[in-house]
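Enquirer: got a structure for you, letters missing:
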DNA sequence: GACGGTTCGACAACCAGGTTGTCGAACACG
DNA sequence: CGTGTTCGACAACCTGGTTGTCGAACCGTC
């Protein structure tokens, strides 16, 4: 079974992420939101959370502003975000999450929570809380620094 | 701090994987193995483990044989794998992990174990073992099925 | 008020790692 | 011997990133 090797742990972490995302994306599609990618969800959340320009979104997601612009283009295409001229700064386009966008993030959030809930039932709520807390501890404390 | 939301859990899982891989790849480069990608490590391990043809490697990694062939080409380029004619089957090219390849996987394995060891010191060995076991349980039991 | 540096968004080229589809050659077998 | 399968190769394409360059707009300073 699990061999307690570092490489196995890495694969388990990746597998866990993929399992969650795969399920959420599939269910989103079933509920009227086809074409959504995992990255879209998180980006839309960031926009809703105040990242109202491409450059700012890039900073939040720690990707280049060009990559952020591509994501925004996709979100706009899907009708999740609107780009409007900024009256105060002619360079900027102000990003606004549409109603449909809000609907999608709400569903997505709920779906992620559902998966988590199922996992909690499967291995025990306390155990999953503990797992998540330990992971959080590992990723916030020491080295493991992201791009400066 | 950790909000115990499903989406947060997903990001933690991904973050954990990326943190491990990033560190291992960086250290591999420092130890004389530049240009190695995470996928290379796992692929090389699979080859060493008996996947001695492109098609077979594709099956093991659950990707198309074309994708596997690309990975093999990269590994050959880097000197980690050699392709030789199969005397018993003129269609096949037998894959063989070179000495340098074995060196790389050994170092990589050790580096993954080192990261895991550091994590174990950080949150406690029993706790990390538990985390890994729970994750394994989540990903092997119920739905979460991979491509058939 | 003009100037220099910074920021914004756009565009192009590129890369990695996948995909599908097609192909010819080699093999396996009834 | 023919038929079906498997192997590796090749081409075209997608996704999600990257870097570099650009003009336009903004801001601070002299």
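Expert: Received it, and whenever you're ready, just let me know what you need. Bear in mind that the values here come from a model prediction, so they are computed numbers and not experimental data.

Enquirer: Find the residue at the geometric middle of chain A.
Expert: residue A:42 (2.6 Å; Cα atoms, centre = their mean).

Enquirer: which residues does residue A:138 contact?
Expert: A:144, B:16, B:19, B:119, B:122, B:123 (Cβ atoms under 8 Å, 6 or more residues apart in numbering or on different chains). (C-beta placed from N, C-alpha, C; glycine too.)

Enquirer: Can you flag the buried ones in the residues you listed?
Expert: Buried members of the contacts of residue A:138, counted by 16 or more other Cβ atoms under 10 Å in any protein chain shown: A:144, B:16, B:19, B:119, B:123.

Enquirer: Can you show me the strands along chain A?
Expert: A:81-85, A:93-97 (DSSP state E).

Enquirer: Now tabulate these in a markdown table and tack on mean pLDDT and distance to DNA strand C.
Expert: Shown next, in a markdown table, are these (pLDDT from 0 to 100; distance: least, Cβ to the nearest atom of the strand, whole Å):
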| stretch | mean pLDDT | distance to DNA strand C |
| --- | --- | --- |
| strand A:81-85 | 93 | 7 |
| strand A:93-97 | 95 | 5 |
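
Enquirer: tell me the most buried of those?
Expert: Highest mean neighbour count among the strands of chain A (mean count of other Cβ atoms under 10 Å in any protein chain shown): strand A:93-97, with a mean of 18.

Enquirer: which residues are contacting it?
Expert: Against strand A:93-97 from outside (Cβ under 8 Å, 6+ apart): A:44, A:47-48, A:51-54, A:57, A:72, A:80-86, A:105.

Enquirer: Likewise for stretch A:127-134?
Expert: So stretch A:127-134 is contacted by A:116, A:119-120, A:123, B:2, B:4, B:8-9, B:12, B:123, B:127-128, B:130-131, B:134-135 (Cβ under 8 Å, 6+ apart).

Enquirer: try it again with 6 Å
Expert: A:119, A:120, B:2, B:9, B:123, B:127, B:131, B:134 (Cβ atoms under 6 Å, 6 or more residues apart in numbering or on different chains).

Enquirer: nearest to DNA strand D, of those residues?
Expert: residue B:9 (18.6 Å; Cβ to the nearest atom of the strand).

Enquirer: residues contacting residue A:119?
Expert: With Cβ under 6 Å, 6+ apart, residue A:119 has these contacts: A:128, B:138.

Enquirer: what pLDDT does it get?
Expert: With respect to pLDDT, residue A:119 has a value of 90.

Enquirer: What of residue A:89?
Expert: Residue A:89 is given a pLDDT of 88.

Enquirer: separation between it and residue A:120?
Expert: Separation of residue A:89 from residue A:120 (Cβ to Cβ, to the nearest Å) stands at 46 Å.

Enquirer: With neighbour numbers in mind, choose between those two.
Expert: residue A:120 (19 against 10; other Cβ atoms under 10 Å in any protein chain shown).

Enquirer: Which residue is the nearest non-sequential neighbour of the more buried one?
Expert: Leaving out its chain neighbours, the residue that sits closest to residue A:120 by Cβ to Cβ, 6 or more residues apart in numbering or on different chains is residue A:128, at 4.6 Å.

Enquirer: How about residue A:111?
Expert: Using Cβ to Cβ, 6+ apart, the closest residue to residue A:111 is residue A:24 (4.4 Å).

Enquirer: ok, that neighbour - how many residues close by?
Expert: Count around residue A:24 with other Cβ under 10 Å applied: 25.

Enquirer: doesn't residue A:110 make contact with it?
Expert: No - with contact defined as Cβ atoms under 6 Å, residue A:24 does not reach residue A:110; the gap is 9.4 Å.

Enquirer: give me the low-pLDDT residue ranges for chain A?
Expert: Along chain A, segments meeting pLDDT under 70 span A:1-3, A:141-148.

Enquirer: Now find how far off-centre stretch A:120-137 is within its chain.
Expert: 20 Å (Cα atoms, centre = their mean, to the nearest Å).

Enquirer: Would you mind listing the buried residues in it?
Expert: A:120, A:123, A:127, A:128, A:130, A:131, A:132, A:133, A:134, A:135, A:136, A:137.

Enquirer: Those residues also near DNA strand C: which ones?
Expert: Counting by Cβ under 7 Å from any atom of the strand, nothing from those sits close to DNA strand C.
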